[in-house]
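Asker: Could you look at this predicted model? Sequence included:
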Amino acid sequence: MRTYTLHIPPDAGSPEIALERARLVPEGFCRGAFFFGFLWFWVKGFFLAGCLALLGFIALCIVLGFTGVVPGAWLTLILAYHILLALEADTLMRWTHARRGLREVMTVAAKDFDEAERTAFHTWVAEGVRERTEPEVSLPATTASEPLPMPSEASNGGEATS
């Protein structure tokens, strides 16, 4: 099972329009980002993320060039950079969607993309997820009628020592 996050534009109006413009982001290792690096981001339309990936690659090459690292270590470090890029591709996609104004509304676990899409959209329409704008957070009420005792006061029954 793979996990996907559903991102919805806030100004879509009707649920049909929202679902037309919705985006599902797969979580986990991204093979496209691993093999093609920054080019994969550009092809998918994540231009700023692609530029950041390219700048990271250039910075890595400059640092490796100035430090005099042997070619075997070059290959290992560039491979490690591509693994990191593939592991963080979903985070960069979610960041780009948030920057474009799409909000993450739910997480779906499914076998493939089509099943995730069906499940997310069915849940969105059937359970009224579109009405939720932010997760509910309940904080405990802090209405203290008297100040809390200091640690030295608590150890001797609340009486002050002099």
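Answerer: On my side now, so go ahead. Numbering: from 1, shown residues only.

Asker: By mean pLDDT, flag the weakest helix or strand of the chain.
Answerer: helix 151-155 (a mean of 58; mean pLDDT, DSSP states H and E).

Asker: mind listing what's buried in the host helix or strand of V63?
Answerer: Take DSSP states H and E as the rule and V63 turns out to sit in helix 47-67. Applying a neighbour-count criterion of 16 or more other C-beta atoms under 10 Å, the buried positions in helix 47-67 are 49-50, 52-53, 57, 64. Backbone N, C-alpha and C define where each C-beta goes, glycine included.

Asker: do the same with stretch 64-82
Answerer: By neighbour count on 16+ other C-beta under 10 Å, the buried set for stretch 64-82 is 64, 81-82.

Asker: Tell me the spacing between the residue nearest to D11 when sequence neighbours are not counted and P10.
Answerer: In space, D11 comes closest to G101 once its chain neighbours are excluded; the distance is 7.6 Å by C-beta to C-beta, 6 or more residues apart in numbering. According to C-beta to C-beta, to the nearest Å, G101 stands 6 Å off from P10.

Asker: And the helices in the chain?
Answerer: Along the chain, counting by DSSP state H, helices occupy 15-21, 31-36, 38-44, 47-67, 71-99, 113-126, 151-155.

Asker: Report the backbone C-alpha coordinates of the helix holding V63 in PDB.
Answerer: This file holds the C-alpha atoms of helix 47-67, laid out as PDB (Å, rounded to 0.1, in the frame of the first residue of the first chain):
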ATOM      1  CA  PHE A  47      10.000  24.800 -11.700                       C
ATOM      2  CA  LEU A  48      11.200  26.300  -8.500                       C
ATOM      3  CA  ALA A  49      11.800  22.900  -6.900                       C
ATOM      4  CA  GLY A  50      13.700  21.900 -10.000                       C
ATOM      5  CA  CYS A  51      15.900  25.100  -9.800                       C
ATOM      6  CA  LEU A  52      16.600  24.300  -6.100                       C
ATOM      7  CA  ALA A  53      17.600  20.700  -7.100                       C
ATOM      8  CA  LEU A  54      19.900  22.100  -9.900                       C
ATOM      9  CA  LEU A  55      21.500  24.600  -7.500                       C
ATOM     10  CA  GLY A  56      22.100  21.800  -5.000                       C
ATOM     11  CA  PHE A  57      23.700  19.600  -7.600                       C
ATOM     12  CA  ILE A  58      25.900  22.500  -8.800                       C
ATOM     13  CA  ALA A  59      26.900  23.300  -5.200                       C
ATOM     14  CA  LEU A  60      27.800  19.700  -4.600                       C
ATOM     15  CA  CYS A  61      29.900  19.600  -7.800                       C
ATOM     16  CA  ILE A  62      31.700  22.800  -6.900                       C
ATOM     17  CA  VAL A  63      32.500  21.600  -3.300                       C
ATOM     18  CA  LEU A  64      33.700  18.200  -4.600                       C
ATOM     19  CA  GLY A  65      35.900  20.000  -7.200                       C
ATOM     20  CA  PHE A  66      37.500  22.300  -4.700                       C
ATOM     21  CA  THR A  67      38.100  19.600  -2.100                       C
END
